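Engineer: sequence and computational prediction follow.
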Amino acid sequence: MSGAGAAARSLAGRAAELDAADPLRSSRDAFVLDDARVYLDGNSLGALPKAVSARLRDVVEREWGELGIRSWSESGWWSAPERIGDRIAPLLGAAAGQVVVADSTSVNVFKAVVAAVRMAGEDAVRGAGEDAVRGAGEERDEILVDASTFPSDGYVARSAARLTGHRVVPVEPGEVPAALSGRTAAVLLNHVDFRTGRLHDLPGLTAAVHEAGAYAVWDLCHSAGALPVGLDAHGVDLAVGCTYKFLNGGPGSPAFLYVREEHQRRFDSPLPGWNSHVEPFGMEPEYEAAVGAARGRVGTPDILSMLALESALDVWDGVPVEAVREKSLALTDFFLECVAAYVPEGAVESVTPAAHAERGSQIALRCEDAGKVMERLIARGVVGDYRPPDVLRFGFTPLYVGFADAERAAAVLADAIGARPA
Ligand SMILES: Cc1ncc(COP(=O)(O)O)c(C=O)c1O
Ligand SMILES: Nc1c(O)cccc1C(=O)C[C@H](N)C(=O)O
């Protein structure tokens, strides 16, 4: 028996034991998955939960087809953005009434960044008055933005800065404390880097932003549903994120916006549509903002996508996000161990931190000819994705990915780069 063959047999055996002991194992049955493939792209588009198709058929045929316009009230369509926000809130560590589901993440970044700099501007005008919140009396004209951000956030932040008379300062998240000053109005950061899978220090960075008298806006696209976030506990001001990755809401499912309770009264949306008016059906020419998280709404919600998301969230019933995190770390550790055993040294390099405190729920491997390697992986049934210039991304969604999947993916990777384990 060759050394590589023995290693493969022992890792495959360990994978089987780990799967047998996995408390989340049965969650996989709630998803439509092809057992012939290993799906490691849930950090881009989560798998389809089985219940969604029937629920969508009911929404279309009964709620829309039979009840028609009555469904806005009778089927709860109108209140869906807040109701579904409250379903997501516990996964983010947020109490009810602070999360609204609406629009895309990019649009919510715009709302959040502009609202944050408006609050900072208001603080400055209030001076040292008795209800001054923070940063009183300062001239704050900078928005610090994660230099390695998902591009959309950077584009939107720069546009928001131009509109509001601020300037964007790109800063690596770890350098934020040193870059903060009395000029900082707001800081926009990604919780998990979309390319490397690095998890940033949300509690520490939020505290530093507050210390400087500024507002912290977090993009949770790659952490919502993957790990505990603790929005309320860590004092985050505003947060956004998408629901089609680890929350499995489906392609283009609407994003969420968190507005901390204490800021809701001051949340001045740059997109004040009729859906966030205190009296939407009053059809008043003057805008008066609704109370609560509903201030984050703009226009008519996309009900079909939104109700698909609501149904998808049922897979979380009885599943604590802490258990998901525990399995995510075990899975990514195990995948790295299998890659080290099967793939020749030097052929790939992990750009995802080894330290658990710095790792999201994906492994990103730098590799020569990464685009071609990913094509070969997909052809052999292992679905990850490629992010230019040289990164192979493997997303681990603990609700439906198992340890045998991780072992198989590493073996197929070795094969795809030309070193099949014997
Ligand atoms: C970190 C991050 N932010 C923002 C976005 C953009 O989201 P949306 O397409 O919903 O605007 C994505 C993914 O597309 C993302 O990964
Ligand atoms: N939002 C996406 C889409 O509409 C099509 C394809 C991919 C995506 C993505 O989610 C990309 C993703 N945010 C990323 O991390 O790369």
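Structural biologist: Right, received. Where do you want to start? Ligands and ions are numbered 1, 2, ... in the order given.

Engineer: is any part of stretch 249-256 close to ligand 2?
Structural biologist: No: Stretch 249-256 stays clear of ligand 2 (C-beta under 6 Å from any ligand atom), getting no nearer than 6.5 Å. Every residue, glycine included, has its C-beta placed from N, CA and C.

Engineer: so is that stretch next to ligand 1?
Structural biologist: Yes: judged by C-beta under 6 Å from any ligand atom, stretch 249-256 comes into contact with ligand 1 at Ala255.

Engineer: next up, the contacts around Trp72.
Structural biologist: Contacts here follow C-beta atoms under 8 Å, 6 or more residues apart in numbering; on that basis Trp72 touches Trp78.

Engineer: just the local confidence number for it, please.
Structural biologist: With respect to pLDDT, Trp72 scores 98.

Engineer: number of nearby residues for Tyr244?
Structural biologist: 24 (other C-beta atoms under 10 Å).

Engineer: wait, Gly299
Structural biologist: 12.

Engineer: shouldn't it be in contact with Trp274?
Structural biologist: Yes: between Gly299 and Trp274 there is a contact under C-beta atoms under 8 Å: 7.0 Å.

Engineer: what is the burial count for Thr300?
Structural biologist: For Thr300, using other C-beta under 10 Å, the count is 12.

Engineer: that one: what's it in contact with?
Structural biologist: Asn275.

Engineer: and Ala294, that one's in a strand?
Structural biologist: No: counting by DSSP: H, G, I helix; E, B strand; the rest coil, one finds Ala294 to be helix, located in no strand.

Engineer: check the gap between it and ligand 2 for me.
Structural biologist: To ligand 2, Ala294 is 25 Å away according to C-beta to the nearest ligand atom, to the nearest Å.

Engineer: Ala207 contacts Ala233, doesn't it?
Structural biologist: No: between Ala207 and Ala233 there is no contact under C-beta under 8 Å: 11.5 Å.

Engineer: could you check which of the two is surrounded by more residues?
Structural biologist: Ala207 (14 against 11).

Engineer: on the three-state scheme, that one is what?
Structural biologist: helix.

Engineer: check Leu271 too.
Structural biologist: Classified using three-state DSSP, Leu271 is coil.

Engineer: residues contacting the residue nearest to it when sequence neighbours are not counted?
Structural biologist: Excluding its sequence neighbours, the residue lying closest to Leu271 (C-beta to C-beta, 6 or more residues apart in numbering) is Val298, at 4.7 Å. Neighbouring residues of Val298 by C-beta under 8 Å, 6+ apart: Ala102, Asp103, Val107, Lys111, Ser269, Leu271, Pro272, Gly273, Asn275, Ser276.
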